[in-house]
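**Student:** Requesting a structural model of the entry that follows:
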Amino acid sequence: MNLQTQKRSPLISLYESKHNEKDVVQPHHHQNHQILYILDGEGICMLDGVENTLKTDCFMIIPPGVEHSIHSHSKTSVLVLEFDAATLGEDIQQEVIPHVFRKACVLQLNTFDSSDVRQLLRKKLYEQSHRDLFWQMALKNSLSEMLIIISRSYTQEAADLNSLRVEQLKRYIETRYFDIRSTEELANRIGISKRYLQQIFKEYYSMTPLQYLTEVRIGRVKKELLETEKDIVSICFEMGFESLSTFYRLFKKMVGVSPNVYRTTYKSK
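**Tutor:** Numbers count the residues shown, from 1 in each chain. This is a model prediction of the structure:
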């Protein structure tokens, strides 16, 4: 998207900026909000007179009007996300953006959040390249989701590495239970082996990640059975179970009765 051609409509733009070793981006500022993602390379940046270290997979959060500069220590590739807040919904403008852009900073997201944000950046690049009828709407939606992820990351408390890993994993399971397929997938997201992941998770929560995933899913199923009129097969699909027979077997093993009996017995109460 060409920044110069979009003057009459709110702006959402994502583009690549490349820098050679020892390149310097002189101090400057913008009227729009910016998030810079360091794809590769390292260096330093000045944000409102404060020096920050840049490295691969970190984010620069730059509010409007904040003076900033970059000094590359190596060949560096940066994705620049620039947007006008007016393009987003009022709730995002009033609640999320002030939280994310409360100050200029360099942010290192946890493994899961960083992975999710990278996927959203890829989605934005795709939408800009394949402009169909809904591409601008898709950009707004993915930007809103990205800002919410970053905003939530500010609230995480510091902890030792393994504690932080399992806490992040637990939260990931609780929010993404519907599309998790295997322990290998979870281990790859953290960047450790499946065996070690199971070991540290069990140390903290006395069960494996997949056992906790099943517990979360069955808990959600019980809630849906009592609070909705959805068909059981629909609930099974929504919670991420690939096999109806496996779902019935796990539910009866954990709850003691079948989903039908559970709904009939407890819904009236």
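**Student:** Name the residues that touch the helix or strand harbouring residue 26?
**Tutor:** Per DSSP states H and E, residue 26 falls inside strand 24-28. Strand 24-28 is contacted from outside by 19, 46, 67, 68, 69, 70, 71, 72, using CB atoms under 8 Å, 6 or more residues apart in numbering. Glycine gets a C-beta too; all of them are placed from N, C-alpha and C.
**Student:** can we see that at 10 Å?
**Tutor:** The contact list for strand 24-28, computed with CB atoms under 10 Å, 6 or more residues apart in numbering, reads 17, 19, 43, 45-46, 49, 67-72, 78.
**Student:** I'd like to know which elements the helix or strand that comes right after it is packed against.
**Tutor:** Next helix or strand after strand 24-28 toward the C-terminus (DSSP H and E): strand 33-40. In terms of contacts (3 or more CB pairs under 10 Å, 6 or more residues apart in numbering; DSSP states H and E), strand 33-40 is packed against strand 12-19, strand 59-62, strand 68-72, strand 76-83, helix 97-100, strand 105-107, helix 111-129, helix 135-153.
**Student:** Nearest to residue 90 among these would be which one?
**Tutor:** Across these, residue 90 has its closest neighbour in helix 97-100 (10.6 Å, CB to CB).
**Student:** biggest separation within the contacts of strand 24-28, which pair?
**Tutor:** Checking those against each other with CB to CB, the farthest-apart pair comes out as 17 and 49, at 22.1 Å.
**Student:** between those two, who's got more neighbours?
**Tutor:** The neighbour comparison of residue 17 against residue 49 (other CB atoms under 10 Å) goes to residue 17, with 13 against 10.
**Student:** any idea how far the closest residue to the more buried one other than its chain neighbours lies from residue 13?
**Tutor:** Leaving aside its sequence neighbours, residue 17 sits nearest to residue 78 (CB to CB, 6 or more residues apart in numbering; 4.6 Å). Separation of residue 78 from residue 13 (CB to CB, to the nearest Å) stands at 14 Å.
**Student:** quick revisit: which of the contacts of strand 24-28 are buried?
**Tutor:** The neighbour count (16 or more other CB atoms under 10 Å) marks 19, 43, 45, 46, 68, 70, 71, 72, 78 as buried among the contacts of strand 24-28.
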